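In: Just a sequence and a predicted model for now, questions to come.
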Amino acid sequence: LIAFGTDTYTNASDGGFKYFNTYDSDLNASSQIVSESWNEFYKGINAANTVISRAPEAIPNNQQKLTEVLAEARFLRAYYYYWLARIWGPVHYTDEETTTAETEAHRMALDELYPKIIEDLEYAEANLPGVQDDFGRATSWAAKATLADLYLTRKNYDLAASYAEDI
């Protein structure tokens, strides 16, 4: 979804989402790829919120491990919200675990949402290791790269350059 409709994505001989490049009448909010992406981002956010709320009880005697687990969860939550904001603009924000059906959503202005994303990414940057033993786990470098991209998106070129140069 992230590269569709851009010059970094081209049509192959097959594929059901070519309308993202041709911008025809099939390109709409009810498209399967749009709704699936939206749903998966929010599933990831809820999983991260669940970890953040339950980890202190689950890891009571190891502060270093708890901090790392919280940093990974906060990185993921920030990353999902960052992409939601980039694709859809203002979106519903929650930092609490959802355990029942919710019937209301309120879009948060980007000027309120981005500071929350930055706070999570800065926590992740400060508390994640530079290298992980398991391939694919978040690192401080992933947090820095996301901050660089975020600041570039927000046109804060000095901070974007600072993070990019560090990387």
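Out: Everything's here; your move.

In: Could you give the separation of stretch 118-133 from the chain centroid?
Out: Relative to its chain's centre, stretch 118-133 lies at 14 Å (CA atoms, centre = their mean, to the nearest Å).

In: Go through that stretch and flag the buried ones.
Out: For stretch 118-133, the buried set under the neighbour-count rule, 16 or more other CB atoms under 10 Å, comprises 118, 120-121, 123-125, 127-128. To be clear about C-beta, it is placed using only N, CA and C from the backbone, and glycine gets the same treatment.

In: And for stretch 84-94?
Out: Applying 16+ other CB under 10 Å to stretch 84-94 flags 84-85, 91-94 as buried.

In: just to revisit the earlier point, so can I have JSON lines of the buried residues of stretch 118-133 showing secondary structure, pLDDT and distance to residue 156?
Out: Formatted as JSON lines, the buried residues of stretch 118-133 follow (DSSP: H, G, I helix; E, B strand; the rest coil; pLDDT from 0 to 100; distance: CB to CB, whole Å):
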{"residue": "118", "secondary structure": "helix", "pLDDT": "98", "distance to residue 156": "10"}
{"residue": "120", "secondary structure": "helix", "pLDDT": "98", "distance to residue 156": "17"}
{"residue": "121", "secondary structure": "helix", "pLDDT": "98", "distance to residue 156": "13"}
{"residue": "123", "secondary structure": "helix", "pLDDT": "98", "distance to residue 156": "19"}
{"residue": "124", "secondary structure": "helix", "pLDDT": "98", "distance to residue 156": "19"}
{"residue": "125", "secondary structure": "helix", "pLDDT": "98", "distance to residue 156": "16"}
{"residue": "127", "secondary structure": "helix", "pLDDT": "98", "distance to residue 156": "23"}
{"residue": "128", "secondary structure": "coil", "pLDDT": "97", "distance to residue 156": "22"}
